[in-house]
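In: structure here, sequence nowhere to be found:
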């Protein structure tokens with residue numbers, strides 16, 4: 001799998017398309033049933049809020065751990 005990630009806050013030049021580990025299926029628990037879901041994303045886009053996160057405007061929300069994957 002490939003992921004668009006950044007390893008430090010900054011401009012758009014911080015974004016890198018890198019090989020990444022495939023995510024594990026998440027457990028969705030409902031009162032009546034239990035299901036396991038894994039969704040394949042073929043295309044994605046960035047929105048203005050992603051740029052603010054990447055620039056470090058919301059450091060308290062996004063935390064200090066890197067790498068980060070945009071997708072707010």
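Out: Yep, it's here. Note that this is a predicted model, so its numbers are computed, not measured. Numbering: from 1, shown residues only.
In: in this protein, what helix or strand scores lowest on average pLDDT?
Out: Taking mean pLDDT, DSSP states H and E as the measure, the chain has strand 26-29 as its least confident helix or strand, at a mean of 62.
In: average model confidence for the helix or strand just after it?
Out: Once strand 26-29 ends, the next helix or strand along the chain (criterion: DSSP states H and E) is strand 34-37. Here strand 34-37 scores 70 as its mean pLDDT.
In: okay, now the sheet partners of strand 34-37, with direction.
Out: Its sheet considered, strand 34-37 pairs with strand 26-29 (antiparallel) by DSSP bridges.
In: show me the contacts for residue 69.
Out: 3, 4, 5, 20 (Cβ atoms under 8 Å, 6 or more residues apart in numbering). Just so you know, the C-beta spots here come from the backbone N, C-alpha and C atoms, and that holds for glycine as well.
In: do you know how far the third one is from residue 35?
Out: Pointing back at residue 5 there. 29 Å (Cβ to Cβ, to the nearest Å).
In: which residues does the top helix by length along the chain contact?
Out: Longest helix in the chain by number of residues (criterion: DSSP state H): helix 48-54. Residues outside helix 48-54 that contact it (Cβ under 8 Å, 6+ apart): 6, 9-12, 14-15, 58, 61-62, 68, 70-72.
In: if you set the cut-off to 10 Å instead, what comes out?
Out: With Cβ atoms under 10 Å, 6 or more residues apart in numbering as the contact definition, helix 48-54 has outside contacts at 4, 6, 8-12, 14-15, 46, 57-59, 61-62, 68-72.
In: who are the packing partners of the very next helix or strand once past it?
Out: Downstream of helix 48-54, the first helix or strand assigned by DSSP H and E is helix 59-62. Packed against helix 59-62 by the contact rule (3 or more Cβ pairs under 10 Å, 6 or more residues apart in numbering; DSSP states H and E) you find helix 48-54.
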